[in-house]
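A.B. asks: Predicted model and sequence below, questions to follow.
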Amino acid sequence: KNEVEQSPQNLTAQEGEFITINCSYSVGISALHWLQQHPGGGIVSLFMLSSGKKKHGRLIATINIQEKHSSLHITASHPRDSAVYICAVRLYAGGTSYGKLTFGQGTILTVHP
Amino acid sequence: ETGVTQSPTHLIKTRGQQVTLRCSSQSGHNTVSWYQQALGQGPQFIFQYYREEENGRGNFPPRFSGLQFPNYSSELNVNALELDDSALYLCASSISPSTYNEQFFGPGTRLTVL
């Protein structure tokens, strides 16, 4: 079992829909990242969370440390949101964590006009 | 402030050859991490360099090696290339190795091994 699991693996939506992507992890973490990867490969960091909720424009990220779960929400989705969304965690290793990221497998989002 | 850059963008090699990939960190960042992303998979951590020293390593064989220079740019070297080394190689820089610092990713180098 992977330490970081994302669902769904593929998501298709119509423009304007509200989208939720989920991430579950099985170990203690010091921080969780949501990343966006467009075709061609470049990765953009959307959020880094260690507790609570963050909002940037139409994007909202939440994390529940007790349940080891995070969600990324996109409101009023648009075709330009089509990308791979990746959840990554920084494992906490007794104070010796050096910032290594462990990634989920990604969620492929396609938003149709 | 320039972002993280990587070169080359694409590279084709044959099995058994050696390759060097380069990464320039964002201004003010002293830590560089390298990741391998196979097609359809999430990235896997290769290693991290902090102030010119290796600061952590993932589950990759010794033929994957690296360097960090005094200006904090970094190289990833892969010897004796295998077909399975075909992947997108990403580097990310951060202001320090602290787990609470954000990592900024470069555009990646796509390596194809024939």
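C.D. replies: Yep, that arrived.

A.B. asks: A:Thr107 is in contact with A:Asn10, correct?
C.D. replies: Yes - assessed by CB atoms under 8 Å, A:Asn10 is found in contact with A:Thr107 at 7.2 Å. Heads up, the C-betas are built off the backbone N, CA and C, glycines and all.

A.B. asks: higher neighbour count, the two?
C.D. replies: Regarding A:Asn10 and A:Thr107, a neighbour count based on other CB atoms under 10 Å in any protein chain shown identifies A:Thr107 as having more, with 21 against 9.

A.B. asks: Report the contact partners of that one.
C.D. replies: For A:Thr107, the contacting residues are A:Gln6, A:Ser7, A:Pro8, A:Gln9, A:Asn10, A:Leu11, A:Ile21, A:Val84, A:Tyr85, A:Ile86, by CB atoms under 8 Å, 6 or more residues apart in numbering or on different chains.

A.B. asks: Those residues into a markdown table, with extra columns for pLDDT and distance to chain B?
C.D. replies: Below are the contacts of A:Thr107 laid out as a markdown table (pLDDT from 0 to 100; distance: CB to the nearest CB, whole Å):
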| residue | pLDDT | distance to chain B |
| --- | --- | --- |
| A:Gln6 | 96 | 8 |
| A:Ser7 | 95 | 14 |
| A:Pro8 | 96 | 15 |
| A:Gln9 | 94 | 10 |
| A:Asn10 | 96 | 11 |
| A:Leu11 | 97 | 16 |
| A:Ile21 | 98 | 13 |
| A:Val84 | 95 | 9 |
| A:Tyr85 | 97 | 11 |
| A:Ile86 | 95 | 6 |
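
A.B. asks: which residues touch the nearest residue to A:Gly41 once chain neighbours are set aside?
C.D. replies: Beyond its immediate neighbours in the sequence, the residue positioned closest to A:Gly41 (CB to CB, 6 or more residues apart in numbering or on different chains) is B:Gly108, lying 3.9 Å away. Listed by CB under 8 Å, 6+ apart, the contact partners of B:Gly108 are A:Gly41, A:Gly42, A:Ile43, B:Gln6, B:Gln37, B:Leu88, B:Tyr89, B:Leu90.

A.B. asks: same thing but at 10 Å, please
C.D. replies: Residues in contact with B:Gly108, defined by CB atoms under 10 Å, 6 or more residues apart in numbering or on different chains, are A:37, A:40-43, B:6, B:9-10, B:21, B:23, B:35, B:37, B:43, B:87-91.

A.B. asks: Surely A:Ser71 and A:Lys54 touch.
C.D. replies: No - the pair A:Ser71 / A:Lys54 is not scored as a contact, 11.5 Å apart, by CB atoms under 10 Å.

A.B. asks: Tell me the residues that contact both of those two, please.
C.D. replies: Common contact partners of A:Ser71 and A:Lys54 (CB under 10 Å, 6+ apart): A:Trp34, A:Ile60, A:Ala61, A:Thr62, A:Ile63.

A.B. asks: Quick check: the farthest pair among the residues you listed?
C.D. replies: Of all pairs drawn from the shared contacts of A:Ser71 and A:Lys54, the greatest distance, 11.2 Å, lies between A:Ile60 and A:Ile63 (CB to CB).

A.B. asks: Same drill for these two, tell me which one is more crowded.
C.D. replies: When neighbours are counted by other CB under 10 Å, A:Ile63 comes out ahead of the other of A:Ile60 and A:Ile63, with 23 against 16.

A.B. asks: Just to be sure, the more buried one is in a strand?
C.D. replies: Yes - the assignment for A:Ile63, made by DSSP: H, G, I helix; E, B strand; the rest coil, places it in a strand.
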